[in-house]
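**Student:** Need a 3D model of the sequence below.
(chains A and B)
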There are 2 protein chains.
Amino acid sequence: MKYRVGVDIGGTTIKVGVVDENNNIVKRCAVDTPDTFEKSMKALADAVYATIGELGLKIEDFPCVGIGTPGSISSETGRLVFSNNTNWKDVPMAEELRKYFPVPVFINNDANCAVMGEAVAGAAKGRKHVIMLTLGTGVGGGIIINGKLFAGGDGVGAELGHTVLFHDGYPCTCGIPGCLEAYASATALIRQTKEAMAAHPESAMNKWVEENGKVSGRCAFDCAMAGDPVANEVVDTYVSYIANGIGSLVNVFRPEIVLIGGGISNSGDFLMNKIHAQMPKYTFAYDVVGYPAIERATLGNDAGIIGAAYSDQM
Amino acid sequence: MKYRVGVDIGGTTIKVGVVDENNNIVKRCAVDTPDTFEKSMKALADAVYATIGELGLKIEDFPCVGIGTPGSISSETGRLVFSNNTNWKDVPMAEELRKYFPVPVFINNDANCAVMGEAVAGAAKGRKHVIMLTLGTGVGGGIIINGKLFAGGDGVGAELGHTVLFHDGYPCTCGIPGCLEAYASATALIRQTKEAMAAHPESAMNKWVEENGKVSGRCAFDCAMAGDPVANEVVDTYVSYIANGIGSLVNVFRPEIVLIGGGISNSGDFLMNKIHAQMPKYTFAYDVVGYPAIERATLGNDAGIIGAAYSDQM
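**Tutor:** Numbers count the residues shown, from 1 in each chain, chains lettered A, B, ... in the order given. Model prediction:
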């Protein structure tokens, strides 16, 4: 059996996984993310060596160490250009990690690792052209063209959440007004839910929040599924943002499949059916060329580790 | 000297050009586009043979016949899926043309041929990652990734004019509301100009139209350059649409260069300076990664013929 190792760096936790030939994660390890970049790279390396050691493997048994990290990585220099999530800015991540590993080190953005994971072992297995949108706190994006990850000409692109949805609209955390992320993230849905609750005190959503303690991305979906008309309107409007965002990407990339990941995708068929209902409106020449498959991502949080583990193939 | 031949199909004219090794068009021919698809393909072939015959060349002297056409061409079947411009829908263009030519025939969308032409011999020469926007009656788009034309997974993508700028905004001719084309085309600028003229009868634009007969894409630019404040506002708003559209594409594709073509690009430095002034606002992480070169296309109407002639290389 041959193994691969993938690492998923997060703001609070660094996760390591060893993946077998059947794409199962056979050994895992998670450590707290230390407070500085250098300490984090050391902790990452220690965690990798500990995890593979438990399997009786040596680093030379692995084709590469694949890393997924928040932020943008220059494909030319291997520097992490910046990351909101970890507060690292312009750090020599590839150089630092090469001190610890005598095998090739590949570093990609975590959303890009997720789409690679889904393409290797998840909902996009066998597909050559894939777009993935991760709808969570923000909106992450990943693009596969002709079987290869596409992260922009210089490696810092594929920021699908930071494409325009509303010219000069709601301010996005990135500083640009009107980004897709400012309308289609779970954070945005929570804002939209609160607005509708304030305007419609009679909505079932207000009762839902009383019972559940606070507004979450589930509130509007749960109440819409239970038949609340105001919640249904919130969801339909929210879905129109997603469908318009997907349609816009489809008109450019024409992928074979679009995957939806992140917390919002847990709303399942109710969400997916609503997306499908709105896709014809936002697809160029829909009556002639249609639109591609749109499905939920299947690997959840493991997509990043599995995708990172296959970095050398993408 | 080795030659190439490119064809640019238009709604009214079919243009043929023979291109030499220095990318000069050394022989040209233009014929009216006949009223049916089959007649048009015959006329195209006749025009190609006449043009190369005048140079004493045979079709076997050419590596391929490259065609640019309005509309979308399926890369799998070679069928022209549809074209608003010529009213052809789902016609077997590759199959029909292969009857006439014993050398390989390549067919691409005309905006895609334009970006190939600029990459071979124009403003993007030597660049591996290029985006081109053609701002004319509509908004055409072309994408080059790693030196190769990218027209979407199935060949009918790269519809950059039909990406969203305003969710559920002004209706685009394609049927989708709020497309970039509905705000950033010359047609849209004319609409915006007329609206401002009606709201501001004192604007110099009203006088300009009296003198020039009708509103054109030049009206607002000419008057803004001459100092009219209302015209300047029209132009700044129009440029904000272009800059937001470019920024959105930059955040995904991170090209080395963005080219602006089409009639609007004739406004030159006045336009380009205004675009540059607004790019920081619409570029993700501008302070860290900046934005790429943005320049005017240089080949004008010849870009399509030259790009088509090099189809086998892209």
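
**Student:** Please report phi then psi for A:F150.
**Tutor:** Dihedral angles of A:F150 (phi, psi; degrees, to the nearest 10) stand at phi -120, psi 120.

**Student:** Run through the residues that contact it.
**Tutor:** Contact partners of A:F150, counting by C-beta atoms under 8 Å, 6 or more residues apart in numbering or on different chains, are A:143-144, A:157-158, B:145. Yep, even glycine has a C-beta here, placed from its N, CA and C like the rest.

**Student:** mind listing what A:Y3 touches?
**Tutor:** Taking C-beta under 8 Å, 6+ apart, one finds A:18-21, A:26, A:52, A:55, A:57, A:61-62 in contact with A:Y3.

**Student:** that older thread, secondary structure added to the contacts of A:F150, as a markdown table?
**Tutor:** Output for the contacts of A:F150, formatted as a markdown table (DSSP: H, G, I helix; E, B strand; the rest coil):
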| residue | secondary structure |
| --- | --- |
| A:I143 | strand |
| A:I144 | strand |
| A:G157 | coil |
| A:A158 | coil |
| B:I145 | strand |
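
**Student:** Switch those residues over to CSV; also include neighbour count and distance to A:V81.
**Tutor:** Output for those, formatted as CSV (neighbours: other C-beta atoms under 10 Å in any protein chain shown; distance: C-beta to C-beta, whole Å):
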residue, neighbour count, distance to A:V81
A:I143, 25, 18
A:I144, 27, 22
A:G157, 27, 11
A:A158, 28, 13
B:I145, 18, 20
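
**Student:** out of the residues you listed, which one sits closest to B:V48?
**Tutor:** For the contacts of A:F150, the residue nearest B:V48 by C-beta to C-beta is B:I145; the value is 29.8 Å.

**Student:** A:E38: how many residues sit nearby?
**Tutor:** Per other C-beta atoms under 10 Å in any protein chain shown, the neighbour tally for A:E38 reads 10.

**Student:** Tell me which two of the contacts of A:F150 sit farthest apart.
**Tutor:** A:I144 and A:G157 (13.5 Å).

**Student:** ok so, going back, which ones among the contacts of A:Y3 are found in helices?
**Tutor:** Applying DSSP state H to the contacts of A:Y3, the entries found in helices are A:I52.

**Student:** ChimeraX command for the buried members of the contacts of A:Y3?
**Tutor:** To isolate the buried members of the contacts of A:Y3 in ChimeraX, using 16 or more other C-beta atoms under 10 Å in any protein chain shown:
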select /A:18,19,52,57,62
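
**Student:** Kindly indicate which of the contacts of A:Y3 lies nearest chain B.
**Tutor:** The shortest distance between chain B and any of the contacts of A:Y3, using C-beta to the nearest C-beta, involves A:V19 and amounts to 27.0 Å.

**Student:** ok, the closest one - contacts?
**Tutor:** A:V19 sits in contact with A:3-6, A:25-26, A:305-306, A:309-310, where contact means C-beta under 8 Å, 6+ apart.

**Student:** What residue spans form the domains of chain A?
**Tutor:** Chain A breaks down by automatic domain parsing into domains covering A:4-122+A:301-313, A:130-296.

**Student:** Those: which one's closest to B:A151?
**Tutor:** Evaluated over these, closeness to B:A151 peaks at domain A:130-296, with 8.0 Å, by C-beta to C-beta.

**Student:** Run the chain-centre distance for the closest one.
**Tutor:** Here the centre of mass of C-alpha atoms in domain A:130-296, compared against the chain's by C-alpha atoms, centre = their mean, to the nearest Å, lies 13 Å away.

**Student:** Pull up the distance across it, start to finish.
**Tutor:** End-to-end distance for domain A:130-296, by C-alpha to C-alpha, to the nearest Å: 13 Å.

**Student:** Tell me the residues of the stretch 201-314 of chain A that contact chain B?
**Tutor:** Contact residues, the stretch 201-314 of chain A versus chain B (C-beta under 8 Å from any C-beta of the partner chain): A:240-241, A:244-245, A:247-256, A:281-286, A:288-289, A:292.

**Student:** Selecting buried members of the residues you listed in ChimeraX, what would you type?
**Tutor:** Remark: buried members of those, expressed as a ChimeraX selection using 16+ other C-beta under 10 Å:
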select /A:240,241,244,245,247,248,249,250,251,252,253,254,255,256,282,283,284,285,286,289,292
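
**Student:** and the residues of the stretch 201-314 of chain A next to chain B, which of them are in helices?
**Tutor:** Restricting these to those inside helices, with DSSP H as the criterion, leaves A:240-241, A:244-245, A:247-253, A:281-282, A:286, A:288-289.

**Student:** just those: which has the poorest pLDDT?
**Tutor:** Of all those, the one the model is least sure of by pLDDT is A:V288, with 89.

**Student:** Just the pLDDT for the residue of the stretch 201-314 of chain A found nearest chain B.
**Tutor:** Sorted by distance to chain B under C-beta to the nearest C-beta, the residues of the stretch 201-314 of chain A start with A:R254, at 3.1 Å. Looking at A:R254, its pLDDT is 98.
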